[in-house]
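Asks: sequence plus the predicted model coming up.
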Amino acid sequence: MKVFNKRYLALVVAGTIGLSACGSDGEDGEDGTTPPPPTVESSQVTNVDVISYALEEGLVRFEFEITNEEGVLITGLGEASAEVAALTEKGIQRSRDGSVGGSANTSTEGASLTMTDNGRYEFIAPMAAVNAGTEGLIRLAVGGGDNIAKSRYMVVDKTENIHTTSTATCQSCHVDFLASSIKHSSYTAINPDGETDLVAGCMACHNHVARDVDDSGSSLNTGGYAKNTLQKIGHINHQQFETGFAPSNCYTCHAEPITQVYTTDTCLDCHIEAGVTAPVNLNAFAADQDFRSLHTKMPQQQTIDEVHYTVTSTPELKGELSCTTLSLLNTAGEEEVALNIGEMVDAGEIAISMSFMKFHGNITDSASGTTSSTDNEDGSREYCTTYVAPDGDDTGLMALSRVTFSPNEGDQVIISSKSAALFADGSEEARRFNVTAESCTTCHNSHGEFHKSGGFADGGMSCLSCHYTGKDRRAGYSGPGFGPMIHGKHWGEGSYKIVDGEKEYNSAAALDAVNCVACHDSVVDLYEMPNQYMPSKSFNGGSDGVVTSQITANCFACHNDEQAKNHMMSNGGEINTLTTDLGDEWYLTPTNESCATCHAEGKSYGIEKFHQFER
């Protein structure tokens with residue numbers, strides 16, 4: 001086979017030319033020039049690359065380059081703005097009169113915006129109080145108007161340790177602050193690397209220092225920029241969280257040690273709102289003390305949750321009994337330790353509840369029978385019930401344990417685990433549980449009890465003892481079962497109460513319901529959802545005798561307007577179907593819903609295209 005190689009052919013041609021006479025090759029022409037890169041005069045997205053900046057006497061000088069959504073250089077920029085919030089002995093501060101820090105835009109006297117090359121600009125922002133020694137934070141934004149979109153706010157630079165909260169701690173609950181409907185969400189800033197810098201962006205206006213007011217309460221242009229300091233927003237607004245949230249659990253928001261407190265107002269904002277009237281003396285604390293450690297009640301509950309877990313074994317047949325073994329383990333040391341359940345129960349350190357449940361696709365009913373327990377030498381405890389699944393019965397048996405710690409008076413931490421289900425033919429199957437151990441405690445930072453031995457630890461698993469698919473609970477008219485109830489409690493009919501004829505929503509309304517990733521660690525697989533009904537008197541004004549198909553129940557708990565309801569029902573979804581139409585074994589009857597056909601992951605209208613399952 002003959003091989004054709006362009007490189008070798010070029011050498012042959014060159015050699016042939018070399019053997020011929022060396023005639024004149026003419027005069028050299030002019031060197032070629034590189035054409036300028038393409039440019040545009042408009043954008044839908046404006047990206048900023050800060051090349052340099054400098055704080056000088058009475059001004060800040062920026063050099064930057066801007067591109068559009070396709071990375072093409074933008075010419076014709078006419079708008080830019082900048083703010084400097086200065087670090088003072090009172091903390092971060094920017095006064096409206098320019099006496100501390102400063103702000104400027106292209107309309108400010110003495111400001112200039114010059115294009116030095118295609119897409120490259122110099123912006124001089126005059127600020128009388130700024131000099132080369134000014135510390136704090138610098139924020140920049142460019143664009144705006146009809147042609148060039150306004151860029152994201154950028155924190156160009158900031159002094160280390162000016163805030164102890166972080167983007168990660170805020171967005172553990174808020175997920176994506178920029179995409180939310182919360183006031184001022186458009187001010188969500190980025191750093192020069194394009195990463196969200198939420199807290200520093202907010203501090204450009206919401207300083208450590210509040211805006212001054214006169215004796216009549218009217219705002220002045222001195223002091224800080226806004227009347228609400230950032231610490232006031234964090235400390236006071238978050239105390240309105242209805243349940244399962246303790247403002248005294250400082251570690252939830254403060255990712256870094258708090259060793260500098262500029263004013264007692266930081267403490268008083270929180271203490272007064274919480275009804276704590278004891279005076280605060282900052283001089284009583286060591287200079288390097290971490291103020292987070294002064295609040296220990298909630299961290300104690302958090303620690304109990306984090307260093308303990310249980311294992312509930314799959315039930316096994318022992319003669320005329322069905323038995324499971326519960327183990328309680330502690331992971332605080334280098335090696336985990338199996339604790340002695342019997343001794344801890346006798347000492348009053350823990351209390352235990354064990355539930356046996358019938359299982360068919362999802363939990364369908366509690367298993368009737370008498371339960372007894374025996375302590376084992378290794379510290380575990382065996383629980384046995386007189387219920388045994390009849391031969392030929394296709395309903396399995398599973399166990400759900402709840403171990404309750406009571407570290408403080410009136411406070412409880414419930415550690416829970418579930419077993420796989422055992423079927424009469426010896427096979428096993430695990431119940432779906434599409435959340436993580438931290439799904440609830442990420443926001444409900446008390447790690448404690450919510451209601452009747454159902455708590456926030458372990459993704460709320462302990463709630464399954466009452467709120468399961470086959471149990472017809474009213475649940476505050478929020479939703480049936482577990483998943484629909486959680487959806488409805490946060491964003492559906494259970495998310496508000498009527499006060500003076502008006503709907504008063506809970507604090508979850510400040511979060512976007514599309515941010516499913518706050519609870520779910522992955523996309524919900526609609527094909528894995530059992531094709532079954534669930535009792536739904538919570539959708540029916542508290543009147544029982546009705547059932548709803550399961551995917552529809554989960555969706556309808558949030559999407560409950562008439563248009564959404566009609567869409568679900570026109571595609572086979574069923575809401576409040578009479579059980580008399582289905583018979584006694586309604587839970588074995590397949591439904592007609594076909595939601596997964598269009599809404600399963602990867603489909604044209606897949607659930608992941610309208611709900612956020614990734615951070």
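Replies: Cool, got the structure.
Asks: next one: phi and psi at the residue lying closest to Cys250 once chain neighbours are set aside?
Replies: In space, not counting the residues next to it along the chain, Cys250 is nearest to Arg292; the distance is 4.0 Å by Cβ to Cβ, 6 or more residues apart in numbering. C-beta coordinates here come from the backbone N, C-alpha and C atoms, glycine included. Geometry field for Arg292 lists phi and psi as phi -60, psi -30, criterion degrees, to the nearest 10.
Asks: count of residues packed around Arg292?
Replies: The tally of other residues near Arg292 (other Cβ atoms under 10 Å) stands at 21.
Asks: what about it, distance to Val276?
Replies: Taking Cβ to Cβ, to the nearest Å as the criterion, Arg292 is separated from Val276 by 16 Å.
Asks: work out for me the element Cys267 sits within.
Replies: Using DSSP states H and E, the secondary-structure element containing Cys267 is helix 265-273.
Asks: contact partners of the very next helix or strand once past that helix?
Replies: Note on helix 265-273: by DSSP H and E, the next helix or strand toward the C-terminus is helix 297-307. By Cβ atoms under 8 Å, 6 or more residues apart in numbering, the residues outside helix 297-307 that reach it are 246, 248-249, 251, 330-332, 405, 407-408, 411, 413, 415, 441, 445-448, 457.
Asks: what subset of those residues is buried?
Replies: Burial of the contacts of helix 297-307 was assessed by neighbour count (16 or more other Cβ atoms under 10 Å); the buried members are 246, 248-249, 405, 411, 413, 415, 441, 445-448, 457.
Asks: and these, which two are the farthest apart?
Replies: With Cβ to Cβ as the measure, no two of the buried ones among the contacts of helix 297-307 lie farther apart than Ser248 and Ile415, at 22.0 Å.
Asks: which residue, other than its chain neighbours, is closest to Tyr387?
Replies: With sequence-adjacent residues excluded and distances taken as Cβ to Cβ, 6+ apart, Tyr387 is closest to Gly369, at 3.3 Å.
Asks: ugh, wrong one, I meant Ala457
Replies: In this structure, Ala457 finds its nearest non-sequential neighbour in Asp305, 4.6 Å apart by Cβ to Cβ, 6+ apart.
Asks: Arg615 now?
Replies: Spatial nearest neighbour of Arg615, excluding adjacent residues (Cβ to Cβ, 6+ apart): Val517 at 5.6 Å.
Asks: swap in Trp491?
Replies: Once its chain neighbours are removed from consideration, Trp491 has its nearest residue in Ala513; the separation is 4.1 Å (Cβ to Cβ, 6+ apart).
Asks: and Glu65, how many neighbours?
Replies: Every residue meeting other Cβ under 10 Å relative to Glu65 is counted, giving 17.
Asks: what does the one 4 residues further on give?
Replies: For Glu69, the number of neighbouring residues by other Cβ under 10 Å comes to 12.
Asks: how close does it sit to Ser507?
Replies: When Cβ to Cβ is applied, the distance between Glu69 and Ser507 equals 35 Å.
Asks: what about the residue nearest to Pro530 when sequence neighbours are not counted, distance to Asn531?
Replies: The shortest distance from Pro530 to any residue other than its chain neighbours is 3.1 Å, reached at Gly361 (Cβ to Cβ, 6+ apart). Note on Gly361: its distance to Asn531, by Cβ to Cβ, is 8 Å.
Asks: same question, Gly119
Replies: Relative to Asn531, Gly119 is positioned 57 Å away (criterion: Cβ to Cβ).
Asks: same question, Asp512
Replies: Per Cβ to Cβ, Asp512 is found 30 Å from Asn531.
Asks: Leu578 too?
Replies: On the measure of Cβ to Cβ, Leu578 and Asn531 end up 19 Å apart.
Asks: quick one, which of those two is more surrounded?
Replies: When neighbours are counted by other Cβ under 10 Å, Leu578 and Asn531 differ, and Asn531 comes out ahead with 15 against 10.
Asks: the more buried one contacts Asn592, correct?
Replies: No. At 9.2 Å, Asn531 and Asn592 do not qualify as touching, with contact defined as Cβ atoms under 8 Å.
Asks: overlap of the contact sets of these two?
Replies: Shared between the contact lists of Asn531 and Asn592 (criterion: Cβ under 8 Å, 6+ apart) are residues Ser549.
Asks: ends of stretch 111-123, how far apart?
Replies: From its first residue to its last, stretch 111-123 covers 7 Å (Cα to Cα, to the nearest Å).
Asks: which segments of this structure make up each domain?
Replies: Under the TED database, the residue ranges defining each domain of the chain are 40-204, 228-286, 295-466, 476-614.
Asks: now do the end-to-end distance for the third one.
Replies: For domain 295-466, the first and last residues are 33 Å from each other (Cα to Cα).
Asks: try the first one
Replies: Between the opening and closing residues of domain 40-204 there is a gap of 31 Å (Cα to Cα).
Asks: quick check: mean pLDDT of that domain?
Replies: Looking at domain 40-204 alone, the average pLDDT works out to 96.
Asks: what's the answer for the second one, then?
Replies: Averaging the model's pLDDT scores along domain 228-286 yields 79.
Asks: one more: the longest one?
Replies: The average of the pLDDT scores along domain 295-466 is 91.
Asks: wait, what's in contact with Ile190?
Replies: Contact partners of Ile190, counting by Cβ under 8 Å, 6+ apart, are Arg152, Tyr153, Met154, Val155, Thr196, Asp197, Gly201.
Asks: likewise for Thr404?
Replies: Residues counted as contacts of Thr404 (Cβ under 8 Å, 6+ apart) are Ile350, Ala351, Ile352, Ser353, Gln412, Val413, Ile414, Ile415, Glu449, Ser453.
Asks: over to Glu122?
Replies: Going by Cβ under 8 Å, 6+ apart, Glu122 touches Arg61, Phe62, Glu63, Ser112, Leu113, Thr114, Thr116.
Asks: give me that answer again for 6 Å
Replies: For Glu122, the residues meeting the contact criterion (Cβ atoms under 6 Å, 6 or more residues apart in numbering) are Glu63, Thr114, Thr116.
Asks: which of the contacts of Ile190 tops the neighbour count?
Replies: Gly201 (26 neighbours).
Asks: what is the burial count for the residue nearest to Ala457?
Replies: Counted with other Cβ under 10 Å, the neighbours of Asp305 add up to 22.
Asks: nearest to Ala421 among the contacts of Ile190?
Replies: Thr196 (43.0 Å).
Asks: can I assume that closest one is in contact with Thr167?
Replies: Yes. In this structure, Thr196 sits in contact with Thr167. The criterion is Cβ atoms under 6 Å, and the distance is 5.0 Å.
Asks: just the C-alpha atoms of stretch 64-73, please, in CSV.
Replies: As requested, the backbone C-alpha atoms of stretch 64-73 are provided in CSV (Å, rounded to 0.1, in the frame of the first residue of the first chain):
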residue,chain,number,x,y,z
PHE,A,64,-11.2,47.0,32.6
GLU,A,65,-12.2,45.1,29.5
ILE,A,66,-15.8,44.2,28.6
THR,A,67,-17.3,41.5,26.4
ASN,A,68,-20.8,40.4,25.5
GLU,A,69,-22.4,37.0,26.0
GLU,A,70,-20.4,35.6,23.1
GLY,A,71,-17.1,36.9,24.3
VAL,A,72,-16.9,39.7,21.7
LEU,A,73,-15.4,43.1,22.8
